[in-house]
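1. when you get a sec, could you give me coordinates for this:
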Amino acid sequence: GGYGAVNGQSVFTHGVQAGIVRHETHGLEEATEELIAGFARSNPRLARAGNAARGTLGGRSAIRVPLTNVSEATGARERILLYTTQLRNGTLFYLIGVAPESDWSTYQPVINRVASSIRFTQ
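-> All right, here's what the predicted structure looks like:
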């Protein structure tokens, strides 16, 4: 029940989603900012919930950004963790963990474990 469609757009209220975006000519910080700006265009209530932190993801340099939003599916506040890293070909890999604010303390450790389990073959 954590995934569905609202107004013809895919939404999820609980879970983790991974993806890639082509950003061969940008550094990690700029590519991450562009990704957040793209998410904000379709989620106008998306906001930063703290400072970005440097770390690693799958053995690569990474950025972790806490965000908040209001779910289009439930109307409730949700918390989001965005992890980004660049692959060797410059493509930006991202991992997004989402949960309602009221469930965050349960889901955050799981999201962090998923992020720490990521491995890249190239």
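2. how far away is Ala73 from Asn43?
-> 12 Å (Cβ to Cβ, to the nearest Å). C-beta: built from backbone N, CA, C; applies to glycine.
3. err, Asn112, not the other one
-> Distance of Asn112 to Asn43, computed by Cβ to Cβ: 22 Å.
4. also Asn51?
-> Asn51 is 20 Å from Asn43, by Cβ to Cβ.
5. returning to that earlier point: so Asn112 and Asn43 - more neighbours on which side?
-> For Asn112 and Asn43, the more surrounded residue by other Cβ atoms under 10 Å is Asn43, and the numbers stand at 18 against 14.
6. if you skip the residues just before and after it, what's nearest to the more buried one?
-> Asn69 (5.5 Å; Cβ to Cβ, 6 or more residues apart in numbering).
7. in what helix or strand does that neighbour lie?
-> Asn69 is part of strand 60-70 when elements are defined by DSSP states H and E.
8. mind listing what that strand pairs with, with the direction of each?
-> strand 47-48 (antiparallel), strand 53-57 (antiparallel), strand 77-86 (antiparallel) (DSSP bridges).
9. and that strand, C-alpha only, in CSV?
-> The C-alpha coordinates for strand 60-70 follow below in CSV (Å, rounded to 0.1, in the frame of the first residue of the first chain):
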residue,chain,number,x,y,z
ARG,A,60,32.0,6.2,-4.1
SER,A,61,31.9,9.8,-2.9
ALA,A,62,28.3,10.6,-2.1
ILE,A,63,26.0,13.3,-0.8
ARG,A,64,23.1,12.7,1.6
VAL,A,65,20.4,15.4,1.7
PRO,A,66,17.4,15.4,4.2
LEU,A,67,14.2,16.7,2.7
THR,A,68,10.6,17.1,3.6
ASN,A,69,7.4,17.2,1.6
VAL,A,70,3.7,17.0,1.9
